[in-house]
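Novice: when you get a sec, could you give me coordinates for this:
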Amino acid sequence: MTDTIAEMRLPTSELRDDIPFFTKVLGMRMDMIYPADDPSTAVFSGHGLRLRVEKDAPEQPGTIRILTSDPDGFADGQRSLLAPNGTRVEIEDRNPPMIMPETVHSFVVRRLKDQAPWIIGRAGMHYRDLVPDRLGGSIIASHIRIPDGGPVPDMVHFHKVGFQLIFCIHGWVDVVYEDQGPKMRLTAGDCFIQPPEIRHRVLEASDNVQVIEIGVPAEHVTEIDHDMQLPTPHLCPDREWQGQKFVYNQAKDAEWVPFRLPGYICRDTTIGANTKGVAGVQVARRGEGEPQWAAHDTDIHFTFVMQGTVILEGEGRDPYPLEQGDAFVIPPGMKTRLSTPSDDIELLEVTLPGTFNTTVE
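Specialist: Below you'll find the predicted structure:
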């Protein structure tokens, strides 16, 4: 087997000034130095790095970021340092707390016919942004499609999120999850919630599979897990990740009950119970009676039109005729009505938190 090692080269004008900084301040090990009579090159290793500091090297000094579980105990608590050779060193928390931005409420309507661009994202998937202003960074809602079916070039990974939903609206996709058994097939009307940091991998998809993905907050980190193999050998259906359980909810055999809004019925995906109220996900259809004006008091209220047509009326707004592929966000306290729904209307409603009050006029 070939013995290979990689180094990052940094310049210096006086090596003797850099040695105590890299060894004593940063706690790195000096592995090599030469020539003996007038050293001009030294190699240091530590924190996953191997640095070659070389006198009069042509590169710029650059920046080193060191991530540690104890940033206050590293380098006497300094968060920004400047090495004698000019290299900037930033000390960061290895596992920083997730920051949930305060929601900037707005009334948002995003229609498919407005032809928002599809962006090629991770693993070759196409993304269409459903909430462009992200409500101040509190949520990202994406319409995702994979045009060509077959194996998906994905790796075992996880997301540092507060909540994440995958709802299939067309086709199918096979995914495998940590501690949840063999691969599962998500078909139209089915959904997963991916609890924070659960390892998973997308395996295969049908032609033109389409899903709605909701992530909170909008900007969150995806990390690759190079060590875990999926499926894992143990089945742990009741395991919790940061208080949330994995949910695989299927549309078949669903029980339909009266919705919170008159004129509609709904099926519950059990996500409210399994996230302890962090979020709620309902699918609504046409029911008995006429739609009424109503307002809610939840922080985030997102709806996607999966099928049929409906008119969204809002106080002080012109009516919006909506159809399949359209989405909207209603801020708390705003009176709206979903009027003239077609018989085949089907709406995906996602709310955070999942427990809230609705006031019907």
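Novice: hang on, residue 198 packs against residue 178?
Specialist: Yes. Contact criterion CB atoms under 8 Å: residue 198 and residue 178 qualify, at 5.3 Å. For every residue, glycine as well, the C-beta is placed using N, CA and C.
Novice: and residue 78, how many neighbours?
Specialist: Neighbours of residue 78 under the rule other CB atoms under 10 Å: 13.
Novice: what does whichever helix in the chain runs longest rub up against?
Specialist: Counting by DSSP state H, the longest helix found in the chain is helix 15-20. Helix 15-20 is contacted by residues 12, 30, 33, 39, 40, 41, 42, 53, 55, 83, 84, 85 when judged by CB atoms under 8 Å, 6 or more residues apart in numbering.
Novice: repeat that for stretch 185-195.
Specialist: Identification of contacts with stretch 185-195 by CB under 8 Å, 6+ apart yields 159, 161, 163-175, 177, 184, 200, 211, 240-242, 244-252, 269, 271, 274-275, 279, 281, 283.
Novice: so residue 348 bridges to which residues?
Specialist: Following DSSP bridges, residue 348 is listed with bridge partners residue 283, residue 304.
Novice: please name the residues that touch it.
Specialist: 167, 169, 212, 281, 282, 283, 303, 304, 306.
Novice: among these, which one lies nearest to residue 331?
Specialist: Among these, residue 303 lies closest to residue 331 (CB to CB), at 12.7 Å.
Novice: around the residue lying closest to the closest one once chain neighbours are set aside, how many other residues sit close by?
Specialist: In this structure, residue 303 finds its nearest non-sequential neighbour in residue 349, 5.1 Å apart by CB to CB, 6 or more residues apart in numbering. Neighbourhood size, residue 349 [other CB under 10 Å]: 19.
Novice: pretty sure residue 349 contacts residue 302?
Specialist: Yes. With contact defined as CB under 8 Å, residue 349 reaches residue 302; the gap is 7.3 Å.
Novice: can you pull out the helices in this protein?
Specialist: Going by DSSP H, the chain shows helices at 15-20, 271-274.
Novice: how is this protein carved up into domains?
Specialist: If you go by automatic domain parsing, the domain ranges for the chain are 8-93, 97-361.
Novice: need these in TSV with mean pLDDT, can you?
Specialist: Putting these into TSV (pLDDT from 0 to 100) gives the following:
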stretch	mean pLDDT
domain 8-93	95
domain 97-361	94
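Novice: just the buried ones from the contacts of stretch 185-195?
Specialist: 159, 161, 163-169, 171-175, 177, 184, 200, 211, 241, 244-249, 269, 271, 274-275, 279, 281, 283 (16 or more other CB atoms under 10 Å).
Novice: so which of those are in strands?
Specialist: Secondary structure from DSSP state E places 159, 163-169, 172-175, 177, 184, 200, 211, 241, 244-245, 247-249, 281, 283 of the buried ones among the contacts of stretch 185-195 in strands.
Novice: stretch 202-220: which residues count as buried?
Specialist: Buried residues in stretch 202-220 (16+ other CB under 10 Å): 202-206, 209-218, 220.
Novice: ok, the residues you listed vs residue 361, which is closest?
Specialist: residue 214 (28.3 Å).
Novice: that closest one reaches residue 164, doesn't it?
Specialist: Yes. The pair residue 214 and residue 164 qualifies as a contact (CB under 8 Å) at a distance of 6.8 Å.
Novice: phi, psi of residue 263?
Specialist: Torsion angles at residue 263 (phi, psi; degrees, to the nearest 10) stand at phi 90, psi 0.
Novice: who's in contact with it?
Specialist: 286, 287, 288, 289, 290, 291, 292, 338, 341.
Novice: neighbour-wise, which of those residues leads?
Specialist: When neighbours are counted by other CB under 10 Å, residue 338 leads those with 24 neighbours.
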